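# dropping the sequence and predicted coords here.
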Amino acid sequence: MRIKTRNDENQNSINQAALTDGGAENLSPFRSFGKVKQPSMADQHINGISMTILIFCIVLAVTAAVILDSEGVSDGIIFAVFVPVMILGFYFFFAIQVARQWEKAVVLRMGKMRGLRGPGIFWIVPILDTITTWVDQRVKVTPFSAEKTLTRDTVPVNVDAVLFWLVWDAEKAALEVENYRAAIAWASQTALREVIGQMTLADILVGRNKMDADLQRIIDERTTPWGITVQSVEIRDVVIPADLEDAMSRQAQAERERQARVILGESEMQIASSFETASQAYINNPTALHLRAMNMLFEGLKEKGALVIVPSSAVDTMNLGGISGITAMAQQNIDKIK
């Protein structure tokens, strides 16, 4: 789940518009209710078999009319041949239907349910039979959103989600609801608003799996009577106000600083404990203490240009004055020899 602020909304709107203009109008039902999609040949279910028969009948009728006219046959006979062939061609054109593998055709005869047809080729009686709906039974993806919805702790958020669903009963989808695509879209949006109102902002940010499960359960309960089942729901984006994001960032930074101070304090306690343990070893062994002090002094003086400040009490304790004098005299003797 990605958390965004309102500063990102402009870019998100541009992306959504690009998707819609690019032919993905089915991705967001709330943005495409007012749009009319021009049906293609595939959408009209004009199959190649019926089209071929119609073209063949038209060519046959025209050819027969031309031949009969050239032979001097009367117009009445030509009409008697031409019209039945054309009627037969159009009859086959409307009678022969082909449903794709994932489709079911809802057929009504004189306004009453006759049955489901497909997949494959099937036959209807023109004028008496009508196909009211072609139901696509593949898994469909429908993004939906809830904008400026208040959480339980009164924080306005925008939430985008994706719904994966399919029609398992084509008859119910065609007869129980007027437009099952629009119905499931609105049911999803209202369910999302309901779930957001029952959760706090913290629950939404960290409890995505629970929110997904609740949405799936609620939407599935509403759509099951329509012959639709919901496979899954996934939350995509959570948009929070920019000022709230700044406050959350400051809170997180303060928490990190607190943790750093706690770790530093624990380290100081461990160091102090180590010093206490080491001091116990030097209590009854002043020689070892002097050697340790001299070693520390030597390590400090190894660096070129280093300055070491030693308390006078330490000088007296370790007899560093005598040692320094001997070292100075040795250095002078070395200089004289050179």
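That came in fine, so what should we check first?
# lowest confidence element among the helices and strands of this structure?
Scoring the helices and strands of the chain by mean pLDDT, DSSP states H and E places helix 9-21 at the bottom, with a mean of 43.
# what residues of the next helix or strand after it count as buried?
Heading C-terminal from helix 9-21, the first helix or strand you meet, by DSSP states H and E, is helix 48-70. Across helix 48-70, burial judged by 16 or more other Cβ atoms under 10 Å covers 50, 53-54, 57, 60-61, 65, 68. No exception for glycine: its C-beta is placed from N, CA and C like everyone else's.
# can you tell me which of the residues you listed is nearest residue 114?
Closest approach between the buried residues of helix 48-70 and residue 114, by Cβ to Cβ: residue 50, at 19.4 Å.
# hmm, residue 93 and that closest one touching each other?
Yes - using Cβ atoms under 8 Å, residue 50 makes contact with residue 93 at a distance of 4.5 Å.
# just to revisit the earlier point, would JSON lines of the buried residues of helix 48-70 with distance to residue 135 and pLDDT be doable?
Listed next are the buried residues of helix 48-70 as JSON lines, based on distance: Cβ to Cβ, whole Å; pLDDT from 0 to 100:
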{"residue": "50", "distance to residue 135": "21", "pLDDT": "88"}
{"residue": "53", "distance to residue 135": "26", "pLDDT": "90"}
{"residue": "54", "distance to residue 135": "26", "pLDDT": "90"}
{"residue": "57", "distance to residue 135": "31", "pLDDT": "91"}
{"residue": "60", "distance to residue 135": "36", "pLDDT": "91"}
{"residue": "61", "distance to residue 135": "36", "pLDDT": "90"}
{"residue": "65", "distance to residue 135": "42", "pLDDT": "88"}
{"residue": "68", "distance to residue 135": "47", "pLDDT": "86"}
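# check which helices and strands the helix or strand where residue 205 lies sits against.
Per DSSP H and E: residue 205 is located in helix 201-206. Secondary-structure packing of helix 201-206 (3 or more Cβ pairs under 8 Å, 6 or more residues apart in numbering; DSSP states H and E): strand 156-167, helix 208-223, strand 228-240.
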